[in-house]
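**Q** Next one to model:
(4 chains)
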Number of protein chains: 2
Amino acid sequence: MALPETRSEQLARALEDDICAGRALPGMRLDEQVLAQRFGTSRTPVREALKMLAAQGFVEIRPRQGAVVVGLDVRQVLELFEIMAVLEGLCARLAARRMTPAERADLMAVHGECQRLAAAGDPDVYYAMNTRFHEVIYAGSHNRQLEEETRRVRNRLSPYRRNQLHQLGRVAKSVQEHDDVVRALLEGDPDRAESLMRRHIGIQGDGLSDFVSNMSTPQAVSSPPPALAGTLGRPTIVR
Amino acid sequence: MALPETRSEQLARALEDDICAGRALPGMRLDEQVLAQRFGTSRTPVREALKMLAAQGFVEIRPRQGAVVVGLDVRQVLELFEIMAVLEGLCARLAARRMTPAERADLMAVHGECQRLAAAGDPDVYYAMNTRFHEVIYAGSHNRQLEEETRRVRNRLSPYRRNQLHQLGRVAKSVQEHDDVVRALLEGDPDRAESLMRRHIGIQGDGLSDFVSNMSTPQAVSSPPPALAGTLGRPTIVR
DNA sequence: AGTCATCTTCATGCATGCAAGACGGACAAT
DNA sequence: ATTGTCCGTCTTGCATGCATGAAGATGACT
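**A** Model (predicted):
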């Protein structure tokens, strides 16, 4: 019954995954032929996949000049965070009113895991569970369009968040903020859930400005994109 | 200096426009060859345009079965309105803090036009100016990503809003709500601007439920899509 | 040496060709 | 009359070919 997926869709997912996971860094050139060979197809499905990713903001296609992974400058990242804050805030608001008992149990379970992993201290492991935590809330909104939209923005930002949690004390702070959100959610207080979530994601507080000043703009190994020239003035970071 | 636009981009814009303007109704089949002939190209750029539109949620491509204009059921429309409310709300919030004097003047001018046209009484003419009103606020947010995102959601909803203003008294109510928003914006009150805008768009109040019950789900002239079967139980509406 | 013009090379944008799968109709069986 | 099967037709998905325009290299000139 699994509906057959076309090559172009597979490629689009694979490429998006590469971008989100940081395997394809912003600014990286995406050569059609190279990709075609790598995936064992012709250029046609590759092109279609790139067009889809371009339509979603993951890559930029400059006519006759090929596709590159989108490189966001600081300003654009901040802009997306502003959007992210209200979208996640809305998720929380709706979730507070709509989550089923099973979903609430899920939330508590995942939150518990978060707390455990936070104490364990590995930011990368925590990062994964943190993602699941937020996903549970997206789903709890019972709004599919919102879920997809929020995930899309999150994915677009993901190349820039990887190191966010490596700041000293950020994990502890994150899990504490989660705790507050969870409480509001379980008490069914939409206003508080929304505002706490907005603060958790958003510009308020010092989290983001710290983030900005510590931000290591991911750069491509090859051919830094013009769009990124001078964003942070930092040379190529190989990480 | 106008950077050359590829055919696939032109096609994508043209098709999106057809959909938003209601010339291509939800459920309508988009045949590659027909479109290719209509626009005087081969199928390739048409396919690429369709892929882009699919990635943005305007059309649905079912493998081996072709593309159709997405048909949203009532639930999905409501979901998008929930998103729309927070996005426009955020636009208003940011605009309250960031609009330049020139932009404020613009806003007042457009609002004035809205009032004039509202009094004149033609909902369709008002609709156009209403769109401009909201666009001014998007721009006033000084957040490009948000601007684009909000416009995209608005466009996705546009086939379903056309008749919204034809309800008795809706125009008057709309312009009154605009007036409140404008006041908050000009006073630089972000909280009030956001909450008023959310209410203007959103589910609160009776506007939307009226809208729902009066909603004439746009249907394709040919081949009603399976996704729409039973959404409102109404037979094909030719309008 | 540095700057500018020309040329070469190559990737992209689009057209076309071909095979596989889906829809529709005819026909047979119940 | 209805259901199920088979077959023809058509559209899509992908591969390939070709022309255009861009990036880089070479060389001339200031």
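**Q** what residues are up against residue A:135?
**A** residue A:151 (Cβ atoms under 8 Å, 6 or more residues apart in numbering or on different chains). (Glycine included, C-beta is placed from N, CA and C.)
**Q** Downstream of the helix or strand hosting it, the next helix or strand is which one?
**A** Per DSSP states H and E: residue A:135 is located in helix A:123-140. Later in the chain than helix A:123-140, the nearest helix or strand by DSSP H and E is helix A:144-161.
**Q** What angle do helix B:144-161 and that following helix make with each other?
**A** Relative orientation of helix A:144-161 and helix B:144-161, computed by axes from the mean of the first three to the mean of the last three Cα atoms, to 10 degrees: 170 degrees.
**Q** who touches helix A:144-161?
**A** Residues from elsewhere that reach helix A:144-161 (Cβ under 8 Å, 6+ apart): A:16, A:19-22, A:25-26, A:56-58, A:70, A:72, A:77, A:80-81, A:83-84, A:87-88, A:90-91, A:94, A:134-135, A:138-139, A:141, A:215, A:217-218, B:76, B:79-80, B:82-83, B:149, B:153.
**Q** May I see the PyMOL selection of the buried members of these?
**A** In PyMOL, this line selects whichever of the contacts of helix A:144-161 come out buried by 16 or more other Cβ atoms under 10 Å in any protein chain shown:
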select buried, (chain A and resi 16+19+20+22+25+26+56+57+58+70+72+77+80+81+83+84+87+88+90+91+94+134+135+138+139+141+215+217+218) or (chain B and resi 76+79+80+82+83+149+153)
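**Q** Narrow the contacts of helix A:144-161 to those in strands?
**A** Among the contacts of helix A:144-161, no residue falls in strands (DSSP state E).
**Q** Restricted to helices, list the contacts of helix A:144-161.
**A** Among the contacts of helix A:144-161, the members falling in helices (DSSP state H) are A:16, A:19-20, A:77, A:80-81, A:83-84, A:87-88, A:90-91, A:94, A:134-135, A:138-139, B:76, B:79-80, B:82-83, B:149, B:153.
**Q** Now the helix holding residue A:135: buried residues?
**A** Buried-residue list, helix A:123-140, by 16+ other Cβ under 10 Å: A:123, A:126-127, A:129-130, A:133-140.
**Q** just curious, which of those residues is nearest to chain B?
**A** For those, the residue nearest chain B by Cβ to the nearest Cβ is residue A:138; the value is 12.2 Å.
**Q** thought the closest one was touching residue A:91?
**A** Yes: here residue A:138 reaches residue A:91: they are 5.2 Å apart, a contact under Cβ atoms under 8 Å.
**Q** Averaged pLDDT, the helix holding residue A:135. What do you get?
**A** In this model, helix A:123-140 carries a mean pLDDT of 95.
**Q** contacting residues around residue A:52?
**A** Residue A:52 makes contact with A:8, A:12, B:51-52, B:54-55, according to Cβ under 8 Å, 6+ apart.
**Q** Now it: which helix or strand?
**A** helix A:43-55.
**Q** Please identify the buried residues of that helix?
**A** Using 16+ other Cβ under 10 Å as the test for burial, helix A:43-55 gives A:45-55.
**Q** Name the nearest of those relative to DNA strand D.
**A** residue A:45 (4.4 Å; Cβ to the nearest atom of the strand).
**Q** I figured the closest one hits residue A:6, correct?
**A** Yes: if you go by Cβ under 8 Å, residue A:45 and residue A:6 touch, sitting 7.1 Å apart.
**Q** so where's chain A uncertain?
**A** Counting by pLDDT under 70, chain A contains low-confidence ranges at A:1-3, A:203-239.
**Q** How is it divided into domains?
**A** A:7-72+A:217-228, A:74-214 (automatic domain parsing).
**Q** Residue A:53 against residue A:13, yeah?
**A** No: contact between residue A:53 and residue A:13 fails when scored by Cβ under 8 Å: they sit 9.8 Å apart.
**Q** which parts of chain A sit against DNA strand C?
**A** Neighbours of DNA strand C within chain A, by Cβ under 7 Å from any atom of the strand: A:4, A:30-33, A:43-44, A:47, A:61, A:63-67.
**Q** Swap in 6 Å and give it another go.
**A** A:31-33, A:61, A:63-64, A:66 (Cβ under 6 Å from any atom of the strand).
**Q** now for these, which pair is the farthest apart?
**A** Farthest pair in the residues of chain A next to DNA strand C (Cβ to Cβ) is A:33 and A:63. Separation: 17.6 Å.
**Q** follow-up on the earlier one: could you export the contacts of residue A:52 as CSV, including distance to residue A:178?
**A** Formatted as CSV, those follow (distance: Cβ to Cβ, whole Å):
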residue, distance to residue A:178
A:8, 38
A:12, 32
B:51, 38
B:52, 37
B:54, 35
B:55, 32
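**Q** which of those come close to DNA strand D?
**A** residue A:8.
**Q** Can you tell me what sits against the helix or strand containing residue A:174?
**A** Using DSSP H and E, residue A:174 sits in helix A:170-186. Residues outside helix A:170-186 that contact it (Cβ under 8 Å, 6+ apart): A:92, A:95-96, A:99, A:104, A:107-108, A:111, A:114-115, A:118, A:121, A:123, A:126, A:130, A:133, A:137, A:140, A:164-165, A:192-193, A:196-197, A:199-200, A:207, A:210.
**Q** Give me the ChimeraX select line for those residues, limited to the buried ones.
**A** Buried residues within the contacts of helix A:170-186, by 16+ other Cβ under 10 Å, are selected in ChimeraX with:
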select /A:92,95,96,99,104,107,111,114,115,118,123,126,130,133,137,140,164,165,192,193,196,197,199,200,207
